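[1] Below are the sequence and a predicted model for it; my questions follow.
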Amino acid sequence: MTVDSLTFVGESLFGPAATVDELLRALDATEIERAVVCPQRPQSYRLEDANDAVAAAVGRHPDRLVGFARVDPNQGDAAAAELARATGDLGLGGLFLHPWEETFRVHDERVVQLLDGFALPVIVAAGYPWLSEGAQVGELARRLPEVDVVATNGCQINISGLGQTDAELALAANANLAVQTTGVYREDFLEGVVERLGAERLLYASGFPYFDPRLEVLRARWAPGFDDRTKAVVLGGNAERLFHLE
Amino acid sequence: MPALGWVLEAAHVVRRLDEAGIDRGVVMTIVDAPEVNPNALELVAEACAAYPGRLEAFARIHPWYGDWSLDLLDRAIGELGFKGLKLHPVSTIAHPGGEETLRLIRRAAEHSAPTLFHCGDEPLTTPLTIAHAAAACPEATIILGHMGGYVHADEAIDVAERFPNLMLETSAMPYPAKVSAAVERLGPERVLYASDGPACSPRIELEKVRLAGLDPAAERLVTGGNAERILAAVT
């Protein structure tokens, strides 16, 4: 099974919109079978509506899409209630947190309390300055050792490579942390994760529609240091295991 | 001398160029001369000499060494055949509009050599910050490397529209659509393919430009013609 472990549908307050049909066409164009689909923050600010829309999309395409919930930890008890509704009533398979767009430190006490005892995987929009840098995502993973944490963007967004070492240290210190390939231009970082920490720590993700899947998929498919087994787990096997896909 | 634990060999660069079907590459050190590597110019010159016709050199120089920095640039271009100046304000913490930096850029322009800035998302490297140098040195060709990085690509295109002496370089910036937007708004003569190899993939970076969907003439300029023109002008 091949899986794109991070995509978005719906309108966004901040960025490009994407329909479910556009997502499915992007998957077909890159020969990817399934996708984890996350809610965008809508113009209304109501993440509940976005969670409903993702659940509806999954309901129409259960063989292609796996939905994740999105909540704002700043909302305290209301966030916990929505998380319970989204992963219970709506049947969504995990939680997506965006510390930049919702504005919270990823290892804030409210986040730790929200996720204490959470049994599903958590994808964190990582690499954002002050809020979800590599060391901060690592701290979240350290405080929640029973939770599988997946960091977008290789756990770094820095075109000088300045975030690379913190990302590597966070991965080395926390076995429950994995990273996605989205936008990671340094092939040696991706290969280093596989060599030093194991292929099970790296997941292909396109970040559609923010990133172009036609380019992003090449980071896994064309990596000269990846053997066939590594490509298989990065392009799907790890998502299948972490996100409990059938 | 490695930075961030990176050690990049010339042979690796050439091997990766070969994998991508690229004829020639511009190379530079990943630290500055004269500090922290006083032998940076010789290191790059030897690498280029080992692969004649394949590698061209840019001199990465720290602006804060006054006349010494200028002498290094003169020697690099005049004696060693270097083709440009590289400035990386993340390592030098020298403001692009600072007088020490401007002196180097102007000296490069006297040789008709371009100045390549690291241009990303970090302080001192964003397009609007480097625009101070573009405004102060209109006679200089200044290249915005990475064309603004992850979140400043639109700003890079905006700034290049205002300053005709700016060019954009495509490496690492992850959006094919921004490459096509740059070509559309600036013209294909002002956009340069680059890979940031060998740790980044020249093959993937080239595919990024192809995914931009440029017409064949524009793609030829971006992937080689513009660089040939700039390198040939250096005296």
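    Thanks, I have it.
[2] hey, let's count contacts and neighbours off CA atoms from now on
    OK.
[3] How many residues are close by the closest residue to chain B within chain A?
    With Cα to the nearest Cα as the measure, residue A:186 is the residue of chain A nearest to chain B, at 4.7 Å. Using other Cα atoms under 10 Å in any protein chain shown, the number of residues around residue A:186 comes to 21.
[4] pretty sure it is touching residue B:200, no?
    Yes - if you go by Cα atoms under 8 Å, residue A:186 and residue B:200 touch, sitting 4.7 Å apart.
[5] State the three-state secondary structure for the residue nearest to the spatial centre of chain A.
    For chain A, the residue sitting closest to the mean C-alpha position, by Cα atoms, centre = their mean, is residue A:123 at 3.8 Å. Reduced to three states with DSSP: H, G, I helix; E, B strand; the rest coil, the structure at residue A:123 is strand.
[6] For it, list each beta-bridge partner.
    residue A:96, residue A:150 (DSSP bridges).
[7] show me the residues around it that make contact.
    Contacts here follow Cα atoms under 8 Å, 6 or more residues apart in numbering or on different chains; on that basis residue A:123 touches A:94-97, A:149-152.
[8] Residues of chain A that sit close to chain B?
    Counting by Cα under 8 Å from any Cα of the partner chain, chain A comes close to chain B at A:157-160, A:162, A:165, A:183, A:185-188, A:211-212, A:214-215, A:218-219, A:222.
[9] how does it look with 6 Å?
    Chain A has residues A:159, A:183, A:185-188 near chain B, with proximity defined as Cα under 6 Å from any Cα of the partner chain.
[10] wouldn't residue A:125 be in contact with residue A:95 here?
    No - taking contact to mean Cα atoms under 6 Å, the distance of 11.1 Å between residue A:125 and residue A:95 leaves them out of contact.
[11] Quick check: what element follows the longest helix seen in chain A along the chain?
    When chain A is scanned for its longest helix (criterion: DSSP state H), the result is helix A:47-60. Tracing the chain C-terminally past helix A:47-60 and defining elements by DSSP states H and E, one meets strand A:65-67 next.
[12] Parallel or antiparallel, which strands does that following strand pair with?
    Looking at strand A:65-67 with DSSP bridges, its paired strands and their directions are strand A:34-39 (parallel).
[13] Buried among the contacts of residue A:123? Need that as a selection in ChimeraX.
    Only the buried members of these end up in this ChimeraX selection, burial being decided by 16 or more other Cα atoms under 10 Å in any protein chain shown:
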select /A:94,95,96,97,149,150,151,152
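[14] of all the contacts of residue A:123, which two lie farthest apart?
    Checked with Cα to Cα, these reach their widest spread between A:94 and A:152, with 14.5 Å between them.
[15] quick one: the residue of chain A closest to chain B and residue B:198 touch, right?
    No - taking contacts as Cα under 6 Å, residue A:186 lies outside contact range of residue B:198: 9.1 Å.
[16] circling back: residues contacting the longest helix of chain A, please?
    Contacts of helix A:47-60 from elsewhere in the structure, counted by Cα atoms under 6 Å, 6 or more residues apart in numbering or on different chains, are A:39, A:65, A:69.
[17] Now with 10 Å, please.
    With Cα atoms under 10 Å, 6 or more residues apart in numbering or on different chains as the test, helix A:47-60 has contacts from A:8-12, A:19-21, A:36-42, A:44, A:61-62, A:64-72, A:79, A:82-83, A:85-87, A:89-93.
[18] Between strand A:34-39 and it, find me the angle.
    Compare the direction of helix A:47-60 with that of strand A:34-39 by axes from the mean of the first three to the mean of the last three Cα atoms, to 10 degrees and you get 160 degrees.
[19] what is the mean pLDDT for helix A:47-60?
    In this model, helix A:47-60 has a mean pLDDT of 98.
[20] Report the buried residues of it.
    Neighbour-count burial for helix A:47-60 [16+ other Cα under 10 Å]: A:47-48, A:50-55, A:57-58.
[21] Equivalent analysis for stretch A:158-176, please.
    In stretch A:158-176, counting by 16+ other Cα under 10 Å, buried: A:158-160, A:163-168, A:170-171, A:174-176.
[22] Considering those, which is situated nearest to residue B:33?
    Within the buried residues of stretch A:158-176, distances to residue B:33 taken as Cα to Cα reach their minimum at residue A:160, with 18.3 Å.
[23] my read: the closest one touches residue B:123, true?
    No - with contact defined as Cα atoms under 10 Å, residue A:160 and residue B:123 do not form a contacting pair (11.5 Å).
[24] Common neighbours of these two, please.
    Between them, residue A:160 and residue B:123 share these contacting residues under Cα under 10 Å, 6+ apart: residue B:90.
[25] quick one, what contacts residue B:131?
    With the criterion set at Cα under 10 Å, 6+ apart, residue B:131 makes contact with B:96-97, B:125, B:137, B:142, B:144, B:156, B:159-160, B:162-163, B:166.
[26] OK, now which residue of chain B is nearest to chain A?
    Taking Cα to the nearest Cα as the measure, the point where chain B comes nearest chain A is residue B:200, at 4.7 Å.
[27] who's in contact with that residue?
    A:184-189, A:219, A:223, B:16, B:171-172.
[28] Show the pLDDT at residue B:5.
    For residue B:5, the model assigns a pLDDT of 72.
[29] follow-up on the earlier one: of the contacts of residue A:123, closest to residue B:115?
    Looking across the contacts of residue A:123 and measuring by Cα to Cα, the closest to residue B:115 is residue A:152, at 33.7 Å.
[30] Show the end-to-end separation of stretch A:137-149, please.
    End-to-end span of stretch A:137-149 (Cα to Cα, to the nearest Å): 9 Å.
[31] can you check stretch B:82-97 too?
    Stretch B:82-97 end-to-end distance (Cα to Cα) = 24 Å.
[32] Please, where are all the helices along chain A?
    Along chain A, the segments classed as helices by DSSP H run A:20-29, A:47-60, A:77-87, A:99-102, A:109-115, A:134-143, A:164-173, A:187-197, A:213-216, A:218-221, A:228-232, A:238-242.
[33] residues touching residue A:131, list them.
    For residue A:131, the contacting residues are A:98-100, A:103-108, A:125, A:137, taking Cα under 10 Å, 6+ apart as the criterion.
[34] Pipe those into JSON lines and attach pLDDT, distance to residue B:108 and neighbour count per row.
    Output for the contacts of residue A:131, formatted as JSON lines (pLDDT from 0 to 100; distance: Cα to Cα, whole Å; neighbours: other Cα atoms under 10 Å in any protein chain shown):
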{"residue": "A:98", "pLDDT": "98", "distance to residue B:108": "44", "neighbour count": "24"}
{"residue": "A:99", "pLDDT": "98", "distance to residue B:108": "43", "neighbour count": "22"}
{"residue": "A:100", "pLDDT": "98", "distance to residue B:108": "41", "neighbour count": "17"}
{"residue": "A:103", "pLDDT": "98", "distance to residue B:108": "44", "neighbour count": "14"}
{"residue": "A:104", "pLDDT": "98", "distance to residue B:108": "46", "neighbour count": "19"}
{"residue": "A:105", "pLDDT": "98", "distance to residue B:108": "44", "neighbour count": "23"}
{"residue": "A:106", "pLDDT": "98", "distance to residue B:108": "45", "neighbour count": "28"}
{"residue": "A:107", "pLDDT": "98", "distance to residue B:108": "47", "neighbour count": "22"}
{"residue": "A:108", "pLDDT": "97", "distance to residue B:108": "49", "neighbour count": "16"}
{"residue": "A:125", "pLDDT": "98", "distance to residue B:108": "42", "neighbour count": "25"}
{"residue": "A:137", "pLDDT": "98", "distance to residue B:108": "43", "neighbour count": "28"}
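[35] can you put those residues in JSON lines and add distance to residue B:27?
    Putting those into JSON lines (distance: Cα to Cα, whole Å) gives the following:
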{"residue": "A:98", "distance to residue B:27": "38"}
{"residue": "A:99", "distance to residue B:27": "38"}
{"residue": "A:100", "distance to residue B:27": "36"}
{"residue": "A:103", "distance to residue B:27": "40"}
{"residue": "A:104", "distance to residue B:27": "41"}
{"residue": "A:105", "distance to residue B:27": "39"}
{"residue": "A:106", "distance to residue B:27": "39"}
{"residue": "A:107", "distance to residue B:27": "41"}
{"residue": "A:108", "distance to residue B:27": "43"}
{"residue": "A:125", "distance to residue B:27": "34"}
{"residue": "A:137", "distance to residue B:27": "35"}
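[36] With that, I have no additional questions.
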